[in-house]
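> Need coordinates for the following:
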Amino acid sequence: MDLKQMASMDLLPPNDTNRKVIHLDMDAFYASVEERDNPVLKTKALVIAHDPRKHRGHGVITTANYRARKYGVGSAMPAQKALDNIPAKELVFVTPDFVKYRAVSATIHAIMHEVTDIVESVALDEAYLDVTQNKLGKLTTIELAQFLQQEIYRQTHLTCSVGISYNKFLAKLASEYAKPFGRAIILPDVAQAFLATKDVGDFPGIGKKTAVLMHEIGINTGYDLQQKDVRWLIAKFKKAGYYYAQHAHGIDLREVIGQRKRKSVGKERTFEPVIVDRERALPYLQDFTGSIAQILREKHLRSQTIVLKIRSKDFETVTKRTTIKEVTQDEDVIYRAAVSLLDEFPEFLELGIRLLGISTTNFIDDQVEELTLPLFETQ
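Okay, here's the model as predicted:
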């Protein structure tokens, strides 16, 4: 790097390496949900799309399992490409079921909110979490990532990959590196060396056309990008060039923007001495659900997911959730769901229950639903 290039580095903002950011990405999400529900599909090249043979050659691939991807088939491609590339005896099309995917996604996002409320959803199957401060105490970032993977698998039987770093750009790059079902961490002192080895086409934010253009002018790796004068990059790629320069040097100051809507309503209580009698626990559940239902009515919310939190005498803590058919704010519906969840843990009553709690999540706003009334009356 010559003196001119070094001087141009002054144009870059100071780096912030104090944050702890996780990028969580479900592995082949829609395809994995279908494989979970129909294990036979695991032996097939599964493509989530409308079958183009039944739709006049039309259709776009939503996603594909890893077996199908070996044939060069992936998301956003024409479904016809799957017919062209994959042997007929292996290929299976499944029509997307977004109602089912949204329900599974709600469970996954609820688990993420057990770690932090600073969750920025990118899609049903992808999110950033700022865990600089978190709800689980003194766990390391790697332990938090491990918790997320284990809890998501326990509750959904699906796998995810997680990337850990001090900003969103590097965390996403790490999760891509970890796929499938892995964890990767990029620390500040190795970030630039790691980026130097990567093809620019692997950089999040550099599209296929831009990557081809960069290759044509001799920018093949992160190292090549690091050597470029910042002013030259801005002149060549406009505003985007400034961000390419930042990313090449491990700088990304974008915040993880959490949703401000309330994600859960709950009540819990710690018991001393512990509870060992189901009939003694039930009045507390009734009290919890009554309070929750009142809050839901006051906030004009209805919930579809009920979550039980239970801690044994030995301090083992688990959560269990159930998704009901219709959203509700009815106390009796929530109570019955809570009792059903409690009955799944008889061993906790035998040991003694130290903590018991109920919460609701996966909300629908009543005030929003009221806007779906017809605009015009018909005679």
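
> only C-alpha atoms for contact and neighbour calcs from this point on.
Fine.

> Need phi/psi at the closest residue to residue 219 other than its chain neighbours.
In space, and not counting its chain neighbours, residue 219 is closest to residue 225: 6.1 Å by C-alpha to C-alpha, 6 or more residues apart in numbering. Backbone torsions of residue 225, given as degrees, to the nearest 10, read phi -70, psi -40.

> Report the separation between residue 225 and residue 296.
As judged by C-alpha to C-alpha, to the nearest Å, residue 225 and residue 296 stand 52 Å apart.

> With residue 250 instead?
Here the distance between residue 250 and residue 296 works out to 44 Å (C-alpha to C-alpha).

> Ok, residue 235 next?
As for residue 235, its distance to residue 296 is 54 Å (criterion: C-alpha to C-alpha).

> Then residue 76?
Taking C-alpha to C-alpha as the measure, residue 76 and residue 296 are separated by 39 Å.

> between those two, which one's more packed in?
Ranked by neighbour count (other C-alpha atoms under 10 Å), residue 76 and residue 296 place residue 296 first, with 23 against 12.

> Could you list the low-confidence segments of the stretch 251-379 of the chain?
The stretch 251-379 of the chain contains residues with pLDDT under 70 at 259-262, 365-379.

> What of the stretch 1-150 of the chain?
Filtered on pLDDT under 70, the stretch 1-150 of the chain yields the residue ranges 1-8.

> What's the local residue count around the closest residue in space to residue 332 that isn't next to it in sequence?
The shortest distance from residue 332 to any non-neighbouring residue, by C-alpha to C-alpha, 6+ apart, is to residue 289 (8.0 Å). The number of residues packed near residue 289 is 28, by other C-alpha under 10 Å.

> Name the secondary structure element that contains residue 289.
Assignment of secondary structure by DSSP states H and E places residue 289 within helix 278-298.

> Show the contacting residues for the residue nearest to residue 332.
When the contact criterion is C-alpha atoms under 8 Å, 6 or more residues apart in numbering, the partners of residue 289 are 267, 331-332, 334-335, 358.

> so what's residue 23 up against?
126-129, 162-164, 168, 171-172, 175.

> Residue 10: how many residues sit nearby?
10.

> How is it assigned, secondary-structure-wise?
Of the three states, residue 10 takes helix according to DSSP: H, G, I helix; E, B strand; the rest coil.

> how close does it sit to residue 231?
From residue 10 over to residue 231 (counting by C-alpha to C-alpha), the distance is 11 Å.

> Check residue 133 too.
With the distance defined as C-alpha to C-alpha, residue 133 ends up 37 Å from residue 231.

> now swap in residue 40 and tell me
Where residue 231 is concerned, residue 40 sits at a distance of 55 Å (C-alpha to C-alpha).

> again, but for residue 327
Distance of residue 327 to residue 231, given as C-alpha to C-alpha: 55 Å.

> Equivalent analysis for residue 129, please.
Between residue 129 and residue 231 the computed distance is 33 Å (C-alpha to C-alpha).

> same question, residue 15
19 Å.

> Between these two, point out the one with more neighbours.
Neighbour count, other C-alpha under 10 Å: between residue 15 and residue 231, residue 231 has more, with 18 against 15.

> That one belongs to a helix?
Yes: read with three-state DSSP, residue 231 is one of the residues of a helix.

> Might one say that the residue nearest to residue 219 is in contact with residue 215?
No: distance between residue 225 and residue 215: 10.8 Å, which falls outside the contact criterion (C-alpha atoms under 8 Å).

> Can you pick out the residue with more neighbours from those two?
Taking other C-alpha under 10 Å, residue 225 and residue 215 do not tie; residue 225 has more neighbours (24 against 15).

> The closest residue to residue 94 other than its chain neighbours: neighbour count?
By the measure of C-alpha to C-alpha, 6+ apart, the closest residue to residue 94 outside its immediate chain neighbours is residue 48, 5.0 Å from it. Residue 48 is flanked by 23 other residues according to other C-alpha under 10 Å.

> phi, psi of residue 48?
Torsion angles at residue 48 (phi, psi; degrees, to the nearest 10) stand at phi -90, psi 100.

> dump the residue contacts of it.
30-31, 61-64, 93-96.

> what do you get for residue 335?
Contacts for residue 335 (C-alpha under 8 Å, 6+ apart) come out as 285-286, 289.

> Which of those residues sits closest to residue 118?
Looking at these and their distance to residue 118, the nearest is residue 289, at 26.5 Å (C-alpha to C-alpha).

> how near is that closest one to residue 353?
Taking C-alpha to C-alpha as the measure, residue 289 falls 18 Å from residue 353.

> Check residue 33 too.
In this structure, residue 33 and residue 353 are separated by 34 Å, where distance is defined by C-alpha to C-alpha.

> So for the two, which sits in the more crowded spot?
Neighbour comparison, residue 33 and residue 353: the larger count goes to residue 353, with 27 against 20 (by other C-alpha under 10 Å).

> Next, work out how far apart the more buried one and residue 284 are.
Taken as C-alpha to C-alpha, the spacing of residue 353 relative to residue 284 amounts to 12 Å.

> Domain ranges for this protein, per the record?
The record's domain parsing of the chain by automatic domain parsing lists 3-14+192-248, 21-28+99-185, 264-369.

> mind giving me JSON lines with those domains and columns for distance to residue 254?
As requested, these are exported to JSON lines (distance: least, C-alpha to C-alpha, whole Å):
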{"stretch": "domain 3-14+192-248", "distance to residue 254": "11"}
{"stretch": "domain 21-28+99-185", "distance to residue 254": "7"}
{"stretch": "domain 264-369", "distance to residue 254": "26"}
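
> picking that back up, among the contacts of residue 23, who's most crowded?
Of these, residue 162 is surrounded by the most neighbours, 32 neighbours in total, counting by other C-alpha under 10 Å.

> Look at that residue and give its secondary structure.
Following three-state DSSP, we place residue 162 in the strand state.

> contacting residues around it?
Residue 162 makes contact with 22-25, 145, 149, 171, 174-175, 178, 181-184 under the criterion C-alpha under 8 Å, 6+ apart.
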